[in-house]
Structure formats: structure tokens, C-alpha cells
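# would you be able to build a 3D model of this:
(chains A and B)
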Amino acid sequence: QKEVEQNSGPLSVPEGAIASLNCTYSDRVSQSFFWYRQYSGKSPELIMSIYSNGDKEDGRFTAQLNKASQYVSLLIRDSQPSDSATYLCAVGDTGRRALTFGSGTRLQVQP
Amino acid sequence: SAVISQKPSRDICQRGTSLTIQCQVDSQVTMMFWYRQQPGQSLTLIATANQGSEATYESGFVIDKFPISRPNLTFSTLTVSNMSPEDSSIYLCSVEVNSGNTIYFGEGSWLTVV
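Numbering: from 1, shown residues only, chains lettered A, B, ... in the order given. Below you'll find the model as predicted:
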């Protein structure tokens, strides 16, 4: 059974700070990793994907992947109140082609 | 990405009835999936909708309860049959765009069973 684990939070950070969201996964053959943002009452929105070890930056977002440790993280720099949402970590493999989701971390950015 | 339209967006349903959710994509896609998100929970894959053949269901989901059709590469339906209050959820259509497991979601269908 593939598992994706996230701390449910809430993670509370002040405006302008760096928010760090973490995720671990159980299946070593996982090859693709995603972060989705979900606002209350909305469907998930893809914000980052990462496939190889290291960092990937996109604007204020940085995804970090460490396959040896089976760990993926998302950093949000200069956090804004509009970043307040639930962040879902998702993991995929080419064989299955669907994604397994974690339970999500709720982020609160305090003005 | 792709534009994914779902209907209905929201509905209140009577216990014991069935409801069909439609998903329309603005481009041909190979992979389409149906997920469920129960209140306060994360997303659980119901099934992969296969074009021209029976859907592939995940453990815990069966065709009699969640029949799925996919007549072509841009359209799919999910029916929630003989609904009970436990079926109150968001049902999400999703598609894989390009390769590499990149999956996008429709806006969801919010069902409440009373």
C-alpha cells in the first residue's frame, strides 16, 4: 500500500516569512512528485512538479526532492495571506499513472 | 494544461437515488481519472476511466456503485448509484496532460446526500 504522509497542521507563519511544508512517501519506485494547493471550497490546483533530486524553483516556490530519504518539501518564500490554503503532496509512478495524495497540510499566513 | 468542465457543480440528492456527473475536456487526453474527496479528507482515487473499455477500479470501489463511461478521448461520466449520506463528497474529474503524471483537476462536483 503506497503511503504519502504530511503533517496536517495548521502551520502558521507571519506574512513575509518562509513557509516550509514537508512530505514523506513509502514507495521507492515513485518517480514523480507534485504539490497542489487547495483553497477552501475549491478543487486542487497544481503549483509544482519535480522529478529528480535537488531543488526546483518557480517564483516564490521551491520544491526539494531527496529520493534516498523519500522526502519532498515545498518552500514558499515571502509568504502572503493569499497563500493560506491546504497544500497537498502527491506522488506518482509511470506504471500506475495516477497519483497518490497525502492528507494535506493547512497553511495559515498571518498578516 | 487543459480546460476540464464538470457538471453538475453542486447538487443535493435524495438517499437511494443515483446521479451522473459529466466531465468534458477541451482536448484529447489519454488518461482520465475520477477522485473522491470526503469532507475534511484528502483525495482518493476511485478509478481510471479507459476509453472504449471498462474502467479500472481501485480497491474499495466497485462498478455497481460507481459505473463509469468513457466513449471518447474528451468525455467521461461517473455515476454514483443508490446514494447514502456517506457518499456526500466532492467528486473530481482529472486528466493527465502530456506525460510524466502531470494531472489537472476539474472544478469538482459537490454532492450532498440527504
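# okay, and residue 35 sits in which element?
You didn't say which chain, so I picked chain A. strand A:32-38 (DSSP states H and E).
# if you could check chain B rather than the one you did, that'd help
Using DSSP H and E, B:Tyr35 sits within strand B:32-37.
# helices or strands up against the helix or strand following the strand holding A:Trp35?
Once the chain leaves strand A:32-38, the next helix or strand it forms, by DSSP H and E, is strand A:45-50. Judged by 3 or more C-beta pairs under 8 Å, 6 or more residues apart in numbering or on different chains; DSSP states H and E, strand A:45-50 is in contact with strand A:32-38, strand A:54-58, strand A:61-66, strand A:71-76, strand B:103-105. (Glycine included, C-beta is placed from N, CA and C.)
# can I get those in CSV including mean pLDDT, mean neighbour count and distance to B:Met32?
Below are those laid out as CSV (pLDDT from 0 to 100; neighbours: other C-beta atoms under 10 Å in any protein chain shown; distance: least, C-beta to C-beta, whole Å):
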stretch, mean pLDDT, mean neighbour count, distance to B:Met32
strand A:32-38, 95, 23, 17
strand A:54-58, 96, 12, 26
strand A:61-66, 97, 18, 26
strand A:71-76, 98, 21, 25
strand B:103-105, 91, 22, 10
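# and those strands: which comes nearest B:Thr17?
Among these, strand B:103-105 comes nearest to B:Thr17, with 25.5 Å by C-beta to C-beta.
# distance from the chain centre to the closest one, please.
12 Å (C-alpha atoms, centre = their mean, to the nearest Å).
# what's the answer for stretch A:103-111, then?
12 Å.
# can you give me the buried ones in it?
Neighbour-count burial for stretch A:103-111, counted by 16 or more other C-beta atoms under 10 Å in any protein chain shown, picks out A:Ser103, A:Gly104, A:Thr105, A:Arg106, A:Leu107, A:Val109.
# what about the chain, any weak spots by pLDDT?
I'll assume chain A. Counting by pLDDT under 70, chain A shows low-confidence ranges at A:1, A:94, A:96.
# chain B is the one I meant
Looking at chain B by pLDDT under 70, you get B:99-101.
# identify the residue nearest the geometric centre of it.
Nearest to the mean C-alpha position of chain B, by C-alpha atoms, centre = their mean, lies B:Trp34 at 3.4 Å.
# my read: that one touches B:Thr77, true?
No. Counting by C-beta atoms under 8 Å, B:Thr77 is not a contact partner of B:Trp34; they are 9.4 Å apart.
# quick check: neighbours shared by the two?
B:Cys23, B:Ile68 (C-beta atoms under 8 Å, 6 or more residues apart in numbering or on different chains).
# the helix or strand where B:Ser76 lies close to chain A?
Assigned by DSSP H and E, B:Ser76 belongs to strand B:75-80. No. On the criterion C-beta under 8 Å from any C-beta of the partner chain, strand B:75-80 is out of touch with chain A, staying 14.0 Å away.
# the inter-axis angle of that strand versus strand B:32-37?
30 degrees (axes from the mean of the first three to the mean of the last three C-alpha atoms, to 10 degrees).
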